[in-house]
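Asker: All I have is the shape, not the residue letters:
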């Protein structure tokens, strides 16, 4: 075999190997918007057969613009099976009927719970990255989130600020939640416990009036779809506690997920802290 022929053969072999490697990467369907946000950061575009339809909703999703460029499903077993994925990423809130059907048909699924801490969220990012064959991209995403948290952290000696976060559906976030951890990392003290809350619960207007925190962190109200929480946040009686409780309003979609969402959440909470303390941005 001549040198030229040998090089051609080696080149052809490498090309075949690369093609086989690309084919070996699993093809994925996601049925959860929080998983969607991680998936688009760690998988090749060609691997993603479909995202959840929730990912396209700009009120709930931080990747709505990108998600609209991907196929999507409405979470039915028929849609998912027709795509012939190698793995389906599901969550506790995904359709039980769909999950059961996929199990009966032997389709590989990965089930994810709602993370209650950054440690749990990191484990989920790693699982998703591993499932799509790109573990290092998971580490890169984790590093980006941790850098954002560090950038948004208060300076040593900064006075902690008492605060309460209201979810758009009327619930307040208590201790032992990822929201609570993000508050602490940004220099806030979550006072949900003094209203009798554990992980999640309602706080009445009366309790807020009687014992207001320094800051009420509220998801930005949607003028087209008022919710119970929005009625509370816009209640005229809140004006009476204005001198004792400030409001920091931000996009409600930042309250739903972990993963890359936390990059923006950390920045928004840091901005709220600076505004309350009068710090330089």
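Answerer: Yes, it's here. As the structure is a computational prediction, the values presented were derived from the model and not from experiment.
Asker: can we go C-alpha only for contacts and neighbour counts from here?
Answerer: OK.
Asker: the helices in the stretch 1-150 of the chain, which residues?
Answerer: Using DSSP state H, counting those that start in this stretch, the helices of the stretch 1-150 of the chain run over 3-24, 33-42, 64-67, 77-83, 96-104, 118-131, 135-152.
Asker: from the ones you listed, which stretch is densest packed?
Answerer: Highest mean neighbour count among the helices of the stretch 1-150 of the chain (mean count of other C-alpha atoms under 10 Å): helix 33-42, with a mean of 23.
Asker: Of all the helices of the stretch 1-150 of the chain, which one comes closest to residue 52?
Answerer: Smallest distance to residue 52 across those (C-alpha to C-alpha): 6.0 Å, for helix 33-42.
Asker: Contacts for that closest one next, please.
Answerer: Residues outside helix 33-42 that contact it (C-alpha atoms under 8 Å, 6 or more residues apart in numbering): 30, 48, 51-55, 61-63, 89-90, 125, 128-129, 132, 134, 137-138, 141, 256-261.
Asker: In strands only, show me those.
Answerer: Here DSSP state E is the test, and the contacts of helix 33-42 give 30, 48, 51, 52, 89, 90 as lying in strands.
Asker: Widest-spaced pair of these?
Answerer: So, these by C-alpha to C-alpha: farthest apart are 48 and 90, at 14.0 Å.
Asker: ok, these two, which is more surrounded?
Answerer: In this view residue 48 and residue 90 are compared by other C-alpha atoms under 10 Å, and residue 90 has more residues nearby, 24 against 21.
Asker: List the contacts of that one.
Answerer: Residue 90 touches 30, 31, 32, 35, 99, 109, 110, 111, 112, counting by C-alpha under 8 Å, 6+ apart.
Asker: where does the second one fall, phi/psi-wise?
Answerer: Note on residue 31: backbone dihedrals following degrees, to the nearest 10 are phi -110, psi 20.
Asker: quick one on the thing from earlier: return the member of the helices of the stretch 1-150 of the chain having the minimum mean pLDDT.
Answerer: Lowest mean pLDDT of the helices of the stretch 1-150 of the chain: helix 3-24, a mean of 49.
Asker: Regarding stretch 113-122, how distant is the last residue from the first?
Answerer: Separation of the first and last residues of stretch 113-122 by C-alpha to C-alpha, to the nearest Å is 13 Å.
Asker: Can we start the residue count at 6 from this point?
Answerer: Yes, from this point I'll number from 6; that puts the last item at stretch 118-127.
Asker: measure residue 114 to residue 183 for me?
Answerer: Residue 114 is 25 Å from residue 183, where distance means C-alpha to C-alpha.
Asker: More neighbours: which of the two?
Answerer: residue 183 (25 against 20).
Asker: Just confirm that one contacts residue 125, I think it does.
Answerer: No: judged on C-alpha atoms under 8 Å, residue 183 makes no contact with residue 125 at a distance of 9.1 Å.
Asker: Verify the stated contact: residue 55 with residue 37.
Answerer: No: assessed by C-alpha under 8 Å, residue 55 is found out of contact with residue 37, at 10.7 Å.
Asker: higher neighbour count, the two?
Answerer: Ranked by neighbour count (other C-alpha under 10 Å), residue 55 and residue 37 place residue 55 first, with 24 against 21.
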